[in-house]
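Participant: Give the three-dimensional model of this entry:
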Amino acid sequence: MSTVAKKKAPPLLPPEAHGRPEFSPLWELPDPTISKDGEWYYLYATGQGIEARRSRDLIDWEVLPSVFPDPVPAWAKEKIPGADSIWAPDIRKIGNRWHLHYSVSTLGSQKSVLGLATAEALDPAHPKGGWKDQGLVLASETRKDPYNALDSSVCLDETGRPWIVWGSYFSGIFLAEADPATGKLVPGAQHHHVATRVPGNGHQGNPGPGIEGPVIVRKHGRFYLFVSLADQINYHVVVGRADRITGPYLDRMGKPLLGEGGTPVIAPYGKYRGNGHNGALVDECPWFDIFVNHTLMERLAPGGGGSHPTPSPGHTEHGRPLDSSGGLAGCPESGISKRRNPAGSAGSPGPLGASREQSATALVVGPKRKVFPSSGWRQLRRKG
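Facilitator: Numbers count the residues shown, from 1 in each chain. Reported below is the predicted structural model:
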C-alpha cells in the first residue's frame, strides 16, 4: 500500500464544526474548477484576473494571487470593452503543461471570447511557476454564431487527445477537438452539438432557456456530460452519459441532453440556492472523486456572517449522487432527504425575502467506487 493510501481521509463535516471564522476563503468564488498538483488541491473561479485558492486537506484554504495582474487581459478587453472580470475558468493538465481555459463577456451577451493561459507548475513559488497567456481560442458574435463562446472546459478522450466543450444559453453546448500542442481548437475541427434546451436559436440572437457550464469527465470507459440549467436561484446540475465523447449523451431514462433529458445531480435545498456550474476531479484523490460547485447561501440573521461552504459526503444510487436517504446529494441538515426532485426540476426555492446572500463554493464528495456506475443506466427504470 502506498504512503498516500495510508493517510487518513479528511473529515467531511460542516465548516462550523471546525470553528470556521466568519469569513471563508471559499466565499465569492463562482464557477469553480478544481485539480490536484502534488500534495495540493488548486481551485480557480470567476473573478478579476481569475481567483485562485489551494488546500492540502480540502478544509483549510489559502488565498493565492490572481492568475492575471489585470482584471481582464488586454486582448480580451479590446474585444469585449465592457468586461470587468474573467469568467468560468477550467484547469487541466495536458502533457507537461497546465492549461487554464477562461471566458470573457458581458451579462446576457453573445459577443464573447474564450482564452487560454498555460503554466508548467501551479505553485506560484515554484521556479517554473507563473501563467503565460496564450490569447484567443474562440469568439462568438450575436446573430452570427449558433453558440456562445463561454464556459469552456477540457476532457481527454480514450486516446488521450483533448477536446474542448463550451456553451452558454442560445443554441446550447458544443464540442470540438483540440490540438494537444497548443491547447486550442484544431483548425477546421467539426463542432459537435451535444446538449441544448429548446427553443434556443443563436443565429437569431435568442438566448433561449438556460443551459451552460458544461464539464465532461471520463470514467469506466464512458463519458459523462454535466450541465447547469435554469436561472440564478433555481440553478441546478444534470448529467448525461455517452459511449463516445461526441455523444449522444443520454440520461438514465434514455432521454437525450439534446432535448429535455438530464439526470439530476444537485439542486436547491434548504438554505442553499443556485447550486451549479460545477467542476469535477476524478481519480486524483485517494479517497473519493470530487464534485465542486458554487451556491448562494442565505444569511442566518441580519448582520451575521452568512453560511459557510460545506464539504459533505455524497452517496450514489447507480451513478446518481444522492444522500443516504435517497434525496439529491447535499448537506445532512439540508432536509432534501425528505423529498426527491424530479428530473429537470430544481424544486421551489421559496422566497428569500430581505435576507442577504453570499456566493460560495461547496465541495460534494463521494466514494470512488460509487460515483460513476460501471454498468448501464437502463436498469434504473426497473429499480427507481
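Participant: ok, residues contacting stretch 136-147?
Facilitator: Residues outside stretch 136-147 that contact it (CB atoms under 8 Å, 6 or more residues apart in numbering) are 75-76, 79, 101, 109-116, 148-150, 152, 164, 166-167, 170-172, 174, 183-185, 191, 193, 201-205. Where C-beta positions appear, they are placed from N, C-alpha and C, glycine not excepted.
Participant: What separates the first and last residues of that stretch, distance-wise?
Facilitator: Distance across stretch 136-147, first residue to last, is 16 Å (CA to CA, to the nearest Å).
Participant: That stretch: which residues count as buried?
Facilitator: Using 16 or more other CB atoms under 10 Å as the test for burial, stretch 136-147 gives L136, V137, L138, A139, S140, D145, P146, Y147.
Participant: Please apply the same query to stretch 237-250.
Facilitator: The neighbour-count check on stretch 237-250 (16+ other CB under 10 Å) flags V237, V238, V239, G240, R241, A242, I245, T246, G247, P248, Y249, L250 as buried.
Participant: secondary structure element for the fourth one?
Facilitator: Under DSSP states H and E, the secondary-structure element containing G240 is strand 236-242.
Participant: C-terminal to that strand, which secondary structure element comes first?
Facilitator: Using DSSP H and E, the first helix or strand after strand 236-242 is strand 263-266.
Participant: next structured bit after that next one?
Facilitator: strand 272-281.
Participant: and that next one with strand 236-242, angle?
Facilitator: Compare the direction of strand 272-281 with that of strand 236-242 by axes from the mean of the first three to the mean of the last three CA atoms, to 10 degrees and you get 30 degrees.
Participant: what does the average pLDDT come to for strand 272-281?
Facilitator: The average pLDDT within strand 272-281 is 88.
Participant: Point out the other helices and strands that the helix or strand just after it packs with.
Facilitator: Elements were assigned by DSSP H and E; along the chain past strand 272-281, the next helix or strand is strand 288-298. For strand 288-298, the packing partners by 3 or more CB pairs under 8 Å, 6 or more residues apart in numbering; DSSP states H and E come out as strand 33-37, strand 263-266, strand 272-281, strand 357-367, helix 368-371.
Participant: is A121 in a bridge, and if so with what?
Facilitator: Beta-bridge pairing for A121 (DSSP bridges): G129.
Participant: Identify the residues contacting the spatially closest residue to K77 that is not a sequence neighbour.
Facilitator: Spatial nearest neighbour of K77, excluding adjacent residues (CB to CB, 6 or more residues apart in numbering): A83 at 6.2 Å. Neighbouring residues of A83 by CB under 8 Å, 6+ apart: V72, A76, K77, V104, S105, T106.
Participant: was I right about the fifth one contacting W87?
Facilitator: Spelled out, that is S105. Yes - the criterion here is CB atoms under 8 Å, and S105 meets it with W87 at 6.6 Å.
Participant: Next secondary structure after the longest helix anywhere in the chain?
Facilitator: The longest helix of the chain (DSSP state H) is helix 74-79. Using DSSP H and E, the helix or strand that follows helix 74-79 in sequence is strand 87-94.
Participant: Next, the angle strand 272-281 makes with that next one.
Facilitator: Put simply, strand 87-94 runs at 20 degrees to strand 272-281, going by the same axes, to 10 degrees.
Participant: Where does the prediction get shaky in this structure?
Facilitator: 1-23, 199-208, 297-360, 362-384 (pLDDT under 70).
Participant: change it to 50
Facilitator: Within the chain, the segments meeting pLDDT under 50 span 1-7, 9-22, 299-357, 368-371, 373-384.
Participant: would you put the C-alpha positions of stretch 249-261 in PDB?
Facilitator: Extracted C-alpha coordinates of stretch 249-261, given in PDB (Å, rounded to 0.1, in the frame of the first residue of the first chain):
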ATOM      1  CA  TYR A 249     -25.500  11.900 -24.200                       C
ATOM      2  CA  LEU A 250     -28.500  10.300 -22.600                       C
ATOM      3  CA  ASP A 251     -29.800  10.500 -19.100                       C
ATOM      4  CA  ARG A 252     -30.600   7.400 -17.000                       C
ATOM      5  CA  MET A 253     -34.100   7.100 -18.700                       C
ATOM      6  CA  GLY A 254     -32.600   7.200 -22.100                       C
ATOM      7  CA  LYS A 255     -33.600  10.800 -22.900                       C
ATOM      8  CA  PRO A 256     -31.100  12.900 -24.800                       C
ATOM      9  CA  LEU A 257     -29.400  16.100 -23.500                       C
ATOM     10  CA  LEU A 258     -30.100  17.400 -27.000                       C
ATOM     11  CA  GLY A 259     -33.700  18.000 -25.800                       C
ATOM     12  CA  GLU A 260     -35.100  17.800 -22.300                       C
ATOM     13  CA  GLY A 261     -33.000  14.900 -20.900                       C
END
